[in-house]
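Chemist: predicted coordinates and the sequence they were generated for:
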Amino acid sequence: MQFVTWNVNSLKIRLPQVLEWLAANPGVTALGIQETKLEDTAFPQAEIEAAGFHVAFAGQKTYNGVAIIARAPMTAVSINIPGFADEQKRVIAATINDVRFVCAYIPNGQSLDSDKYVYKLSWLKAFTDWLQGELANHPKLILAGDYNIAPEDRDVHDPAKWEGQVLVSGPERSAFRQLLALGLTDSFRLFDQPEKSFSWWDYRMYGFKRNAGLRIDHLLVSQALKPLVTACVIDKEPRRVERPSDHTPVIVTLAD
DNA sequence: ATGGCGAGACTCTCTCGA
């Protein structure tokens, strides 16, 4: 089984790339997508189903929006964080092959002095509380997403330059550790990885070419699934095409 | 040097992302 997270930065632009990537990766069980930037009425459900997949989605105009594309049927699809009033569509979860797959687009925060940063931290608190219940109900759980948090300095191309910035701040990293404290494990760090492994690069200043990136897209696995994990890799292949997303997929492989 | 790039929208200039 393989589960994937990929912030596509507009599914309208990236749908052909997504379908091509899925065709090239037949082992993928389910793909969690962030930043679809599409209202539900505009979502390309028919095209995705015509390609042989099941799909669940929750979106809005212009910003945010999440979806799950799976090769097997999904059950118990849920949207957003119950009890947390939020117009923004940032969470979708579904059960696939007995695994609870949660796809999240965690807020960016903009800057440490922004209202959006306050929203990010309160969102993370509500999300963590909700996830605790999800884990109790579904011990086999994967949390896939764009976390907008680089957990450690080794996840940052230039830690000195980023010090004090959003995505690396102490409260954000503390919120990330609170997720781990639920019993989740960063599957990427279960294995030896190349130094300077990142999942996002700034479009500007030749960020990808210079590998000036951050590792902010993560796949956390629950204790019940951790022993089954055999690999976790960042796939930079999608960066080879015209008009790539600024994020690239991260893939976790589990024994059946 | 707070710039740079890319996407979206009540667009030709603005917001937002990370």
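Modeler: Nice, I can see it.

Chemist: ok, now which ones touch A:Ile142?
Modeler: Neighbour list for A:Ile142: A:Phe3, A:Val99, A:Arg100, A:Phe101, A:Val102, A:Leu219, A:Leu220, A:Val221, A:Ser222, A:Leu225, A:Val252 [criterion: CB atoms under 8 Å, 6 or more residues apart in numbering]. Where C-beta positions appear, they are placed from N, C-alpha and C, glycine not excepted.

Chemist: the fourth one: what secondary structure?
Modeler: In other words, A:Phe101. strand (DSSP: H, G, I helix; E, B strand; the rest coil).

Chemist: between the contacts of A:Ile142, which has the most around it?
Modeler: Sorting the contacts of A:Ile142 by how many neighbours each has (other CB atoms under 10 Å) puts A:Phe3 first, at 29 neighbours.

Chemist: bridge partners for that one, pull those for me.
Modeler: A:Phe3 has these beta-bridge partners by DSSP bridges: A:Ala30, A:Val252.

Chemist: do you know the pLDDT at it?
Modeler: Per-residue confidence for A:Phe3 comes out at a pLDDT of 98.

Chemist: for the closest residue to A:Ala70 other than its chain neighbours, grab the count of nearby residues.
Modeler: By the measure of CB to CB, 6 or more residues apart in numbering, the closest residue to A:Ala70 outside its immediate chain neighbours is A:Ala30, 4.1 Å from it. For A:Ala30, the tally of surrounding residues (other CB under 10 Å) stands at 25.

Chemist: and the residue of chain A most remote from its centre, what are its phi and psi?
Modeler: With CA atoms, centre = their mean as the measure, chain A has its most outlying C-alpha, relative to the mean C-alpha position, at A:Ala160: 25.5 Å. Dihedral angles of A:Ala160 (phi, psi; degrees, to the nearest 10) stand at phi -60, psi -40.

Chemist: rewinding a little: from memory the residue nearest to A:Ala70 sits against A:Phe101, does it?
Modeler: Yes: contact between A:Ala30 and A:Phe101 holds when scored by CB atoms under 8 Å: they sit 5.3 Å apart.

Chemist: joint contacts of those two?
Modeler: Contacts common to A:Ala30 and A:Phe101, judged by CB under 8 Å, 6+ apart, are A:Phe3, A:Ile68, A:Ala70, A:Ala94.

Chemist: what parts of chain A come near DNA strand B?
Modeler: Where proximity means CB under 7 Å from any atom of the strand, the interface of chain A facing DNA strand B comprises A:7, A:9-10, A:12-13, A:35, A:37, A:61-63, A:107-108, A:110-111, A:116, A:146, A:148, A:166-167, A:200, A:202-205, A:214, A:216, A:243, A:246-247.

Chemist: narrow the residues you listed to those that are buried.
Modeler: Of the members of these, the ones counted as buried by neighbours, 16 or more other CB atoms under 10 Å, are A:7, A:9-10, A:35, A:37, A:107-108, A:146, A:148, A:166-167, A:200, A:214, A:216, A:246-247.

Chemist: farthest pair in those?
Modeler: Between any two of these, the greatest separation by CB to CB is 21.8 Å, found for A:Ser10 and A:Val166.

Chemist: for the stretch 101-250 of chain A, what spans make up the strands?
Modeler: Using DSSP state E, counting those that start in this stretch, the strands of the stretch 101-250 of chain A run over A:141-146, A:185-186, A:200-201, A:213-214, A:217-221, A:229-234, A:250-254.

Chemist: any chance of JSON lines for these, columns mean pLDDT?
Modeler: What follows is those, written out as JSON lines (pLDDT from 0 to 100):
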{"stretch": "strand A:141-146", "mean pLDDT": "98"}
{"stretch": "strand A:185-186", "mean pLDDT": "98"}
{"stretch": "strand A:200-201", "mean pLDDT": "98"}
{"stretch": "strand A:213-214", "mean pLDDT": "98"}
{"stretch": "strand A:217-221", "mean pLDDT": "98"}
{"stretch": "strand A:229-234", "mean pLDDT": "98"}
{"stretch": "strand A:250-254", "mean pLDDT": "98"}
